[in-house]
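Q: How does the following fold in three dimensions:
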Amino acid sequence: MTIQTILAPIPGIFYRSPAPDQPVFKQEGDAVAVGETIGLIEVMKTFTPVVAEAAGTIAAFHVENEDAVMAGLPLYDLDA
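A: Residues are numbered from 1 along each chain as shown. Alright, predicted model coming up:
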């Protein structure tokens, strides 16, 4: 398998869960399918889902919940 680093598509605040009182979408070691939500990026109260473009396993996250991200910043590694 190959490790792919997935980059932030837009700048904003990265959220790993859909709401503060809910569990994270995915954790390190979790399997993901194409189209599954990994997190959300919020810009001016608009939430854009970050979805898996390939199936694999989450190898590592490069950002924490509620971190500010810039477009092109590494978000997570996918072992695909």
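Q: and residue 38, helix, strand or coil?
A: Three-state call for residue 38 (DSSP: H, G, I helix; E, B strand; the rest coil): strand.
Q: Which residue is the nearest non-sequential neighbour of it?
A: residue 50 (4.9 Å; C-beta to C-beta, 6 or more residues apart in numbering). For every residue, glycine as well, the C-beta is placed using N, CA and C.
Q: ok, residue 18 - contacts?
A: 25, 40 (C-beta atoms under 8 Å, 6 or more residues apart in numbering).
Q: can you pull the pLDDT of it?
A: Looking at residue 18, its pLDDT reads 94.
Q: State the phi and psi torsions of it.
A: Backbone torsions for residue 18, taken as degrees, to the nearest 10, come to phi -70, psi -20.
Q: any idea how far residue 65 is from it?
A: 12 Å (C-beta to C-beta, to the nearest Å).
Q: in what helix or strand does the residue nearest to residue 38 lie?
A: strand 46-51 (DSSP states H and E).
Q: Output that strand in PDB with nothing but the alpha carbons.
A: Provided in PDB are the C-alpha atoms of strand 46-51 (Å, rounded to 0.1, in the frame of the first residue of the first chain):
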ATOM      1  CA  THR A  46     -20.400  27.500   5.900                       C
ATOM      2  CA  PHE A  47     -19.200  23.900   6.500                       C
ATOM      3  CA  THR A  48     -17.500  22.000   3.600                       C
ATOM      4  CA  PRO A  49     -17.100  18.300   4.000                       C
ATOM      5  CA  VAL A  50     -13.600  16.700   3.500                       C
ATOM      6  CA  VAL A  51     -14.400  13.400   1.900                       C
END
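Q: Next, the buried residues of that strand.
A: Within strand 46-51, the residues scored as buried using 16 or more other C-beta atoms under 10 Å are 50-51.
Q: Alright, I will stop here.
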